[in-house]
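# Give the three-dimensional model of this entry:
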Amino acid sequence: MTIIEIRTHPWGWKVFETAGVEPVFLQKDYAIGYAESRACFRLGEIRILDSAGAIERTILFSEGDRKL
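Numbers count the residues shown, from 1 in each chain. Next up is the predicted model:
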């Protein structure tokens, strides 16, 4: 199961997939779009965290959700 987290960052929103894969986006929507595109062939969830580190929203994905 893959977990991708989207966290606030001083320069915008950081998408944490794994160590070394941590791009930062200026807008939250861009970060969510990137995470959704990275998750399209996997099973897991995207967690969007608020500034305190609490889960604000969860987006579940599975292989059945993938787009060809």
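
# Tell me how many other residues crowd residue 42.
Residue 42: 15 surrounding residues under other C-beta atoms under 10 Å. C-beta: built from backbone N, CA, C; applies to glycine.

# Please name the strands paired to the helix or strand harbouring residue 58 in the sheet, noting orientation.
Counting by DSSP states H and E, the element that carries residue 58 is strand 55-61. Strand 55-61 has its sheet partners listed here by DSSP bridges as strand 44-49 (antiparallel).

# got the contact list for the partner strand?
1-8, 28, 32, 35-36, 39, 55-61 (C-beta atoms under 8 Å, 6 or more residues apart in numbering).

# For stretch 55-62, could you pull out the residues that count as buried?
59, 61 (16 or more other C-beta atoms under 10 Å).

# So what's the gap between that stretch and the chain middle?
8 Å (C-alpha atoms, centre = their mean, to the nearest Å).

# what do you get for stretch 11-31?
Mean C-alpha position of stretch 11-31 versus that of the full chain (C-alpha atoms, centre = their mean) differs by 8 Å.

# Give me the residues contacting it.
2, 4, 5, 6, 7, 8, 9, 34, 35, 38, 48.

# Those residues in strands, which ones?
Cross-referencing the contacts of stretch 11-31 against strands under DSSP state E gives 2, 4, 5, 6, 7, 8, 9, 48.

# Do I have it right that the fourth one meets residue 33?
No - the criterion here is C-beta atoms under 8 Å, and residue 6 misses it with residue 33 at 10.6 Å.

# Most neighbours among the ones in strands among the contacts of stretch 11-31, which one?
In the ones in strands among the contacts of stretch 11-31, the most neighbours by other C-beta under 10 Å go to residue 4, 24 neighbours.
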